[in-house]
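A.B. asks: I'll drop the sequence and a predicted model, then ask my questions.
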Amino acid sequence: MIKKIISMPKIFSSTKDIGLPPGTICVPVKPPQEKVRITVFDYTESYVTENELKDIEECFCLRDKASITWINIDGVHDCDLIQKIDAHFNIHPLILEDIVAVNQRPKFDDFEQYMFIAMKMIYWGKETNAVESEQVSLIIGPNYVISFQEKPGDVFEGIRERLRTGKGRVRKMGADYLGYCLLDAVVDNYFLVLEKFDDQVEELDEQIKTEANGGVSRDLHVLKRNLIFLKKQVWPLRELLAAVLRSESRLVKKSTHIYFRDLYDHTVQVVDTIETFREMMAGMNDVYLSMISHRMNEVMKVLTMFASIFIPLTFIAGVYGMNFSYMPELNWKWGYFLALGIMAFVAAGMLVYFKRKKWF
Amino acid sequence: MIKKIISMPKIFSSTKDIGLPPGTICVPVKPPQEKVRITVFDYTESYVTENELKDIEECFCLRDKASITWINIDGVHDCDLIQKIDAHFNIHPLILEDIVAVNQRPKFDDFEQYMFIAMKMIYWGKETNAVESEQVSLIIGPNYVISFQEKPGDVFEGIRERLRTGKGRVRKMGADYLGYCLLDAVVDNYFLVLEKFDDQVEELDEQIKTEANGGVSRDLHVLKRNLIFLKKQVWPLRELLAAVLRSESRLVKKSTHIYFRDLYDHTVQVVDTIETFREMMAGMNDVYLSMISHRMNEVMKVLTMFASIFIPLTFIAGVYGMNFSYMPELNWKWGYFLALGIMAFVAAGMLVYFKRKKWF
Amino acid sequence: MIKKIISMPKIFSSTKDIGLPPGTICVPVKPPQEKVRITVFDYTESYVTENELKDIEECFCLRDKASITWINIDGVHDCDLIQKIDAHFNIHPLILEDIVAVNQRPKFDDFEQYMFIAMKMIYWGKETNAVESEQVSLIIGPNYVISFQEKPGDVFEGIRERLRTGKGRVRKMGADYLGYCLLDAVVDNYFLVLEKFDDQVEELDEQIKTEANGGVSRDLHVLKRNLIFLKKQVWPLRELLAAVLRSESRLVKKSTHIYFRDLYDHTVQVVDTIETFREMMAGMNDVYLSMISHRMNEVMKVLTMFASIFIPLTFIAGVYGMNFSYMPELNWKWGYFLALGIMAFVAAGMLVYFKRKKWF
Amino acid sequence: MIKKIISMPKIFSSTKDIGLPPGTICVPVKPPQEKVRITVFDYTESYVTENELKDIEECFCLRDKASITWINIDGVHDCDLIQKIDAHFNIHPLILEDIVAVNQRPKFDDFEQYMFIAMKMIYWGKETNAVESEQVSLIIGPNYVISFQEKPGDVFEGIRERLRTGKGRVRKMGADYLGYCLLDAVVDNYFLVLEKFDDQVEELDEQIKTEANGGVSRDLHVLKRNLIFLKKQVWPLRELLAAVLRSESRLVKKSTHIYFRDLYDHTVQVVDTIETFREMMAGMNDVYLSMISHRMNEVMKVLTMFASIFIPLTFIAGVYGMNFSYMPELNWKWGYFLALGIMAFVAAGMLVYFKRKKWF
Amino acid sequence: MIKKIISMPKIFSSTKDIGLPPGTICVPVKPPQEKVRITVFDYTESYVTENELKDIEECFCLRDKASITWINIDGVHDCDLIQKIDAHFNIHPLILEDIVAVNQRPKFDDFEQYMFIAMKMIYWGKETNAVESEQVSLIIGPNYVISFQEKPGDVFEGIRERLRTGKGRVRKMGADYLGYCLLDAVVDNYFLVLEKFDDQVEELDEQIKTEANGGVSRDLHVLKRNLIFLKKQVWPLRELLAAVLRSESRLVKKSTHIYFRDLYDHTVQVVDTIETFREMMAGMNDVYLSMISHRMNEVMKVLTMFASIFIPLTFIAGVYGMNFSYMPELNWKWGYFLALGIMAFVAAGMLVYFKRKKWF
């Protein structure tokens, strides 16, 4: 048993609060106790500054500078903040609604002034030991990128390091390349989840060979559910990236295009791998079922034959237990031993017969 | 068992009265006892009036005014009414036939003067405890929307409230946006049904783990039927909305287009979720079957072993029940106890053997 | 059991006589004993005439008149007749071959002077109690429609009535609308067959709940075969009508176009419903199998437990049937009743044990 | 059992000799003992000549005449011959390689001067009693058709007869029509194979109803393999003919186009029928499995009940076989008959119980 | 059992080192102990030179000559080398990353100056006895081809020989044809793997007929896994080649285009064959399951009947073993033999009954 899997991912979650006017943004279920964390990178090829802001307005001045600005916001439950961004960057209310409604399907929208991409950051939950997801929304403008995450902790540390040190190409290129880097980091992380998945599939495959109890069936089911969850999150990403490639937005420069195509290829590979897992698990289910039935048959066959051998013996004993007054064999001197001999002979004969029929 | 599910949705219902000339509108099966209810909203950004009409003709004057008019009609069985609308708004007879034939597949037709959209309002029937549907037909003109429902009671209360209070964007925008709002309200309600569905799937999944009686199989079947029903109603909506987006009707303004695209995304999400439910329920069926077979095997195995242990014992008893005149063991003083001892030994030996073979 | 289903539809039938030159028309297997029946309607908005002809040539004069002519031919085995039509209306020989070869796949061909449509009239055979089909071929010209049927009896009576009485739109519009009406009548009839189908599916679903004998499985199989047959006939109709809509033939006037689109929608609905039936019957098969196995298990479990209880009892009786000379219990005064008591105790103990394990 | 099916078709066969340079033509595995047979038809509307040639060069003079020339070559293993054709008709080496490599997938190539079509002639092998195939390759030029077959014996006899007698259209039309006729003859023959297939499917379906032994399962498997083989050969034909229709080669005249479209329709019908067979056989497998399990259950149930009735009876006999010194019943005068009576009563009671439970 | 299959292919392997900046090339896991082997062919139609280089720079002078240069590099773990090629041939860093990340999905990229193709060389691993793959990357420029392989040993020996001897077309044509030849050699080798596969499928099919042990199920599973692996490697090749055909790169000359189309056809055939194997193995699984169940049933049936015959006999013996003081039969002279006779009669009667019911 994969003992550590204790929960299944929650497949369904409603997208937005039903019945509210479209474009309604702020309906935090619980008071936003946790403070939203805002970090800003501002850089050109020659310099970089990194700040943690108290107030989003502090960075609004950066919009009109030539430098590239990356505003990362951990937490989407602060209405004020969202509305300020709305006002300043002139984002369509529906997009803001999509940012707040974190159970969005991966989505791409191409406006004149900015592109919007919402996708899922997938990771293997340490506590739940199940696949978990967090929505990451990106607004990519001509010289800024705003990223929204549901909670602190992400897969962007490598990019931050590269921004700080100027290693790689990121400082030399525009906001579109930064956007690509963020998406790439998210998709790269999918491979980690798939690797974890692969481990569990292999482990389960191993178990099927050796054990065949009800638990394996259950584990297979839980794993399948995780896979369905994964597929639901990743599948739409493929068309999303195809749409980005098709869109010919002037925000994506020609030199960055090839990077997005590379990202598209990676996503196709993730989708392919998920599909492969599905096929493998279908095959494992078949093997499991035939294993169970094979083993059960083995047990039943041996036990039934066991019974079959004793039944005629008991019959013979029964015959000589009859109380007829005239039963010649009963008075023979070696009658008893003869009877025992016949029994042994019958038992041996049946064993030979079963053996020959290859019944065991 | 999901005890409350008592009925399956009726999958099939004929679309129109067969053999009648196309475009025939009025064939109420039963006399329209229930009075058709007509409510009219007339509004611009600055004012709003709300009326319940006795006669549809009262609102015809509104057509040529600049204000937006929403005529909602609960009940489609009043021939007179339908024909009056026909005459006044110049609707194609086939469209009117589609409004009356409530078992229509979701449908979109784009005319010069108006757009026609027929779709299903889905809700979880309180009495039947099954998915139910009601046809909602919309005629969206340049400055009016006519909505037809089969019976009173709908999901548009929120929109009415917003019209009355002027909250949100609806009063500021045109008839196309009102049409969008109505569709959005219908699709939003799908999420409620899916949520209900999700509850039942989870409940059933829980039961499969603990029980394995015939009822679960039946419940799974009923749930699947509800899902098939749901799918049949929702699936065509996707292409319907894609057709609306493609149509480039001059009735849908550019600013409303993004809302329809958002609606399309929601519908895709509904379709995705239904597909996910299907996969989950297929998986549940597999688990259920292997659970049933696993448990049955457990029972059979224990019982068979039980029998297997006693069979040789009974044989031994049978041997010493034989009436041969010369059976030396019978006269031994401790023969009886020896026989009992042998029996105990055989029984213990077999238990050890079974244990070692991991048969229980 | 659906007792009335006595035959399965014959799935396969060869299209034409193999090895003959393409475009060969007349190869009646048996002499055409049955006389071909020719009826002609000739009408404009102001008048209508209806005739039954002896000879097809009688109506040829009508071709060049402005009035609309509908020639209906019941029977396609009269070579002479077909060749006369060929000569007069200038029909391509391959089309005539398609009319005669009644096992044609639904087909649409668009020529300059006429359109050819071959499709299946489906009905529920009263004698065979299975789905049956008859080929209906239409040649739609600028002012004439020629319809071919395999045998007398059709679904066009309503249209004839409307032609006679002038009710509806049919007399006011052209040959294309008449063609549409004929197709519509055929497709409308599909709904009747589906309704019949639905009845049988529901009946079978009811039986699965209550009985579980081999007959249900067989009935399911027969019904499935009927469904496959139906699907094979109806499926291509969808693309056929899509092709008609795409063709932009000048024979289909703009005002008739919307009717064909409506017909297309109906066909899609038929196809959808067939697909839904397929899913339902797949589900029913699953339920049936798990019901069978559930019931069998119930029987086996009870019987096995029954045996299991008596096996130790018989063993005890066997022990006291042994003939050892020194068996103290045998001489106890209440030994016999004690033995009976032990037996009762063992039996009761096992019943409690089984009960506690929830094995029955 | 379909006793005559003795072999399965060989699904896989490598296309060409691996590792050779592309365009390599002649690698006959065994020396070409069998002589290649060359027959030539040369005809216009007014005359026809038919010759069997010793040497392919004899007919090369015909290429530049206005008459239509059909060169049929039985056998593709003669390198010399192929290379002569190459040189004279200027065929691309890859095409010649495809002609020689007889395990080609159906293929269409459109060159300026000629079209190349490779497809499979399918027939039901008399000796193997399995579906067999032979590659037919056509090179269709402006006024010549060259057809290659693997071995003598084909389905073109009807065409030859029509060429000789001038019956039908073939002598009046060009090389493209002749090419169509050859393809049509091949596709027509598919229907014969499908008919044979249909017989066997029906026969098997009949058997499933009455018998349920392991042989049926095997036969189903063999039939399925034949179907997979068939599908593999026929499926690509559909796109092949679609490609011919799309190609707009100047070699296919407008008047011939409709014939190719008709051929396309026939191919679609073949593909449809194969798909239908697949569905039917999947259904038959389900029925077979549930029949097997139903019958097995019947046997087991009766036998188990049989045993269940005797077990308590044997127990009663065992009780009165005990040797207790004080067993009052033993000394009753009618004790024995009473015991027999009780046994009869118990047996009858159980039968009634089983009957009531509907267990048999 | 296919005893030689000892391992399953590793389905999943992460594409690149996660978290590194995109375009990062060199992260060899282990120090590159094995020396990278560089071989260079330089040829025109009239001459050819073949060299093994120590240093890649030796061949850089060839780039600007008119002759065709083929640089083959065995091993992709030498950073220095890769970077030198980067600098000299001006290759995009992402492409170089793809060459180094050997678990790439087959991929095609079309630049102005060169085309990049990455695909899998598939072979049947001698040691693992499973399908193995090695990435082959090609950079095809106007007058050079650079091929990268993971390790020495390949399928290009035939091409080398043809280059040396000038046999075939390869020396006469350009770099695009050389590229085609390399791809063709790789795809040709797929047929060898499929042939091997076919052998194992046939072998397994044979075993299913004769044996039915758990091992067959396991073998089927392993074979299926190999097939899934194969499919994952080959499937994308189809679109890759379609993309090459569509790309209209000026690097692929018109005369070479037909060769690429031929290659595409071969790939489609490979994909078709894999699909056919899948269907066959699904069928085999069904047969295997029904065989197992059929044989088990046979065993159980015979054994159960065996038991059923003895149960009434034992009952009769039990009856006459009862100790009633008045049992008239016991004192009959021939009572014993009569009892034996009755037993024989009952046994014979039951055998006849079972026989008649066709239970064995």
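C.D. replies: On my side now, so go ahead.

A.B. asks: where along chain A do the helices fall?
C.D. replies: In chain A, helices defined by DSSP state H lie at A:79-89, A:93-100, A:157-165, A:175-210, A:214-247, A:254-320, A:328-331, A:335-356, listed in chain order.

A.B. asks: the shortest one close to chain B?
C.D. replies: Yes. If you take CB under 8 Å from any CB of the partner chain as the test, helix A:328-331 does meet chain B, through A:E329, A:L330, A:N331. Glycine gets a C-beta too; all of them are placed from N, C-alpha and C.

A.B. asks: any quick PyMOL command for the buried ones out of the residues you listed?
C.D. replies: A single PyMOL command selects the buried members of the residues of helix A:328-331 next to chain B (16 or more other CB atoms under 10 Å in any protein chain shown):
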select buried, chain A and resi 329+330
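
A.B. asks: which of the residues of helix A:328-331 next to chain B sits closest to C:E203?
C.D. replies: Of all the residues of helix A:328-331 next to chain B, the one sitting nearest C:E203 is A:E329; the distance, using CB to CB, is 64.7 Å.

A.B. asks: surely the closest one meets A:L338?
C.D. replies: Yes. Taking contact to mean CB atoms under 8 Å, the distance of 7.4 Å between A:E329 and A:L338 places them in contact.

A.B. asks: could I get the residues of helix A:328-331 next to chain B as a markdown table with pLDDT and distance to B:N189?
C.D. replies: Output for the residues of helix A:328-331 next to chain B, formatted as a markdown table (pLDDT from 0 to 100; distance: CB to CB, whole Å):
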| residue | pLDDT | distance to B:N189 |
| --- | --- | --- |
| A:E329 | 83 | 87 |
| A:L330 | 83 | 88 |
| A:N331 | 84 | 93 |
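
A.B. asks: with the residues of helix A:328-331 next to chain B in mind, which one is nearest to B:T273?
C.D. replies: A:E329 (79.2 Å).

A.B. asks: so who does that closest one touch?
C.D. replies: Remark: with contacts taken as CB atoms under 8 Å, 6 or more residues apart in numbering or on different chains, A:E329 is in contact with A:Y320, A:G335, A:L338, A:A339, B:F324.

A.B. asks: enumerate every residue touching A:F111.
C.D. replies: A:H92.

A.B. asks: give me the residue from the stretch 251-360 of chain A nearest chain E.
C.D. replies: Sorted by distance to chain E under CB to the nearest CB, the residues of the stretch 251-360 of chain A start with A:G318, at 3.2 Å.

A.B. asks: for B:M322, see how far away that residue is.
C.D. replies: Using CB to CB, to the nearest Å, we find A:G318 at a distance of 9 Å from B:M322.

A.B. asks: these two: which has the busier surroundings?
C.D. replies: Just comparing A:G318 and B:M322: by other CB atoms under 10 Å in any protein chain shown the higher neighbour count belongs to A:G318, 31 against 25.

A.B. asks: name the nearest residue to that one, ignoring sequence neighbours.
C.D. replies: Counting by CB to CB, 6 or more residues apart in numbering or on different chains, the nearest residue to A:G318 once its immediate chain neighbours are dropped is E:A317, at 3.2 Å.

A.B. asks: ok, now how distant is that neighbour from chain C?
C.D. replies: Spatial separation of E:A317 from chain C under the definition CB to the nearest CB, to the nearest Å is 11 Å.

A.B. asks: okay but that residue is in contact with A:M327, surely?
C.D. replies: No. Checked against CB under 8 Å, the pair E:A317 and A:M327 is beyond contact range at 11.7 Å.

A.B. asks: next, count neighbours for the residue of the stretch 151-300 of chain A found nearest chain E.
C.D. replies: Proximity to chain E, evaluated over the stretch 151-300 of chain A using CB to the nearest CB, is greatest for A:G168 at 3.4 Å. Under the neighbour criterion other CB under 10 Å, A:G168 is assigned a count of 20.

A.B. asks: I'd guessed it sits against A:R162; true?
C.D. replies: Yes. Between A:G168 and A:R162 there is a contact under CB under 8 Å: 4.8 Å.

A.B. asks: could you pull up the residues touching A:Y190?
C.D. replies: A:I122, A:V234, A:V270.

A.B. asks: run through the strands of the stretch 1-150 of chain A in chain order.
C.D. replies: Counting by DSSP state E, counting those that start in this stretch, the segments of the stretch 1-150 of chain A that form strands are A:37-43, A:48-53, A:68-74, A:107-110, A:115-124, A:131-140, A:144-149.

A.B. asks: which ones are touching the residue nearest to A:G318?
C.D. replies: Contact analysis of E:A317 by CB under 8 Å, 6+ apart lists A:F315, A:G318, A:V319, A:G321, A:M322, E:A339, E:M343.

A.B. asks: low-scoring stretches of the stretch 1-150 of chain A, by residue?
C.D. replies: Scanning the stretch 1-150 of chain A with the threshold set as pLDDT under 70 gives A:1-34.

A.B. asks: in it, what residue is nearest chain E?
C.D. replies: A:Y123 (12.2 Å).

A.B. asks: run a quick neighbour tally on that residue.
C.D. replies: Using other CB under 10 Å, A:Y123 has 18 neighbouring residues.

A.B. asks: how about the contacts made by the residue of the stretch 251-360 of chain A closest to chain E?
C.D. replies: Neighbour list for A:G318: B:G318, B:G321, E:L313, E:T314, E:A317, E:G318, E:G321 [criterion: CB under 8 Å, 6+ apart].

A.B. asks: biggest separation within the residues you listed, which pair?
C.D. replies: Comparing all pairs in those by CB to CB, the longest separation belongs to B:G321 and E:L313, at 15.9 Å.

A.B. asks: same drill for those two, tell me which one is more crowded.
C.D. replies: When neighbours are counted by other CB under 10 Å, B:G321 comes out ahead of the other of B:G321 and E:L313, with 27 against 24.

A.B. asks: and the more buried one, what are its phi and psi?
C.D. replies: Per-residue torsions, B:G321: phi -90, psi 0 (degrees, to the nearest 10).

A.B. asks: buried residues in stretch A:335-353, which are they?
C.D. replies: The neighbour-count criterion (16+ other CB under 10 Å) identifies A:G335, A:Y336, A:A339, A:L340, A:M343, A:M350 as the buried residues of stretch A:335-353.

A.B. asks: what do you get for stretch A:146-164?
C.D. replies: Within stretch A:146-164, the residues that count as buried by 16+ other CB under 10 Å are A:I146, A:S147, A:F148, A:Q149, A:E150, A:D154, A:V155, A:F156, A:G158, A:I159, A:R162, A:L163.

A.B. asks: which residues does that stretch contact?
C.D. replies: Under the contact criterion CB under 8 Å, 6+ apart, stretch A:146-164 has outside partners A:34, A:37, A:41, A:43, A:48, A:50, A:70-76, A:85, A:89, A:99, A:102, A:121, A:123, A:134-139, A:167-168, A:170-171, A:178, A:181-182, A:185-186, A:188-189, E:19-21.

A.B. asks: of those, list those near chain B.
C.D. replies: Of the entries in these, none also sits close to chain B under the rule CB under 8 Å from any CB.
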